[in-house]
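# here is my input, please return the structure:
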Amino acid sequence: MAVRLRPATRSDAPDLARLVDMAGEGLPSYIWAGMAEPGEDVWVVGRRRAERDEGGFSWRNATMAEIEVPGTGRRVAGALVGYPLAEVPPPEDLPPMFQPMQQLESLAIGTWYVNVLAAYPEWRRQGVGAALMAEAERLAAGFDGTSLIVADANLTARRFYEALGYREKARRPMVKEGWRSDSSEWVLMLKPLPNPPASANGTRI
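Take a look at the predicted model:
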């Protein structure tokens with residue numbers, strides 16, 4: 001089936017909340033539970049976060065992948081959320097859980113960062129992830145390359161990224177608090193841009 005990509009809209013927030021939680025192995029919903037008002041569903045919090053116009057996890061930073069399903073039309077199959085990493089001081093009150101990831105991001109300043117890559121289970125192994133990563137690398141034009149952070153025990157994802165040319169740069173131990181995960185470290189992976197072509201006199205252009 002052909003994969004169609006399009007920029008996200010605010011109405012994609014419910015899908016973005018589900019997909020970011022898949023990519024984050026349940027860490028986002030764990031965080032949202034702590035942000036929820038009494039009796040408020042975590043997915044309401046996640047949707048509200050995705051509906052923001054600012055922040056890393058915003059619909060404005062997302063690309064949606066759709067697949068045409070005969071008889072039902074297009075369905076969201078996956079999503080990419082990413083943005084350039086700039087030299088910005090981390091918040092002074094950054095929670096301990098996020099500090100290891102912030103440390104790794106600081107090692108990838110100047111790259112285009114893949115914050116979220118996820119596909120719904122029924123659409124995996126059908127080219128959705130590859131199409132979204134190709135879009136990430138297109139958006140990375142003019143930057144130092146692309147970067148991402150993955151959990152060390154997520155071998156399927158790591159092998160997928162390695163097959164695309166990503167290589168491990170650094171690791172940091174996870175701070176889990178009450179979040180349950182089989183992983184113990186966050187892994188930063190980078191893919192530099194190809195070398196620019198050489199001119200006739202051998203200089204880079």
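# quick check: beta-bridge partners of the residue most central in space within the chain?
Residue closest to the average C-alpha location in the chain (CA atoms, centre = their mean): residue 116, at 1.7 Å. Judged by DSSP bridges, the bridge partners of residue 116 are residue 81.
# quick check: the gap between the residue nearest to residue 112 when sequence neighbours are not counted and residue 111.
In space, and not counting its chain neighbours, residue 112 is closest to residue 140: 3.6 Å by CB to CB, 6 or more residues apart in numbering. Every C-beta, even on glycine, is put in place using the N, C-alpha and C of the backbone. Distance of residue 140 to residue 111, given as CB to CB, to the nearest Å: 7 Å.
# what is in contact with those two at once?
In the contact map built from CB atoms under 8 Å, 6 or more residues apart in numbering, the residues linked to both residue 140 and residue 111 are residue 146.
# count the residues that sit near the closest residue to residue 85 other than its chain neighbours.
Spatially, and ignoring its direct neighbours in sequence, residue 85 is nearest to residue 113 (4.7 Å; CB to CB, 6+ apart). Residue 113: 22 surrounding residues under other CB atoms under 10 Å.
# then residue 148?
By the criterion of other CB under 10 Å, residue 148 has 25 neighbours.
# remind me which residues of this structure are low pLDDT?
1, 195-205 (pLDDT under 70).
# all helices for it, in order.
13-23, 27-35, 42-50, 99-105, 128-139, 155-163 (DSSP state H).
# what's the longest one packed up against?
So that's helix 128-139. Applying 3 or more CB pairs under 8 Å, 6 or more residues apart in numbering; DSSP states H and E, one finds that helix 128-139 contacts strand 3-7, strand 62-69, strand 73-84, strand 112-119.
# just these: most buried one?
strand 112-119 (a mean of 24; mean count of other CB atoms under 10 Å).
# hmm, back to that, tell me how far the residue nearest to residue 112 lies from residue 110.
10 Å.
# between those two, point out the one with more neighbours.
Between residue 140 and residue 110, residue 140 has the larger neighbour count (other CB under 10 Å), namely 21 against 12.
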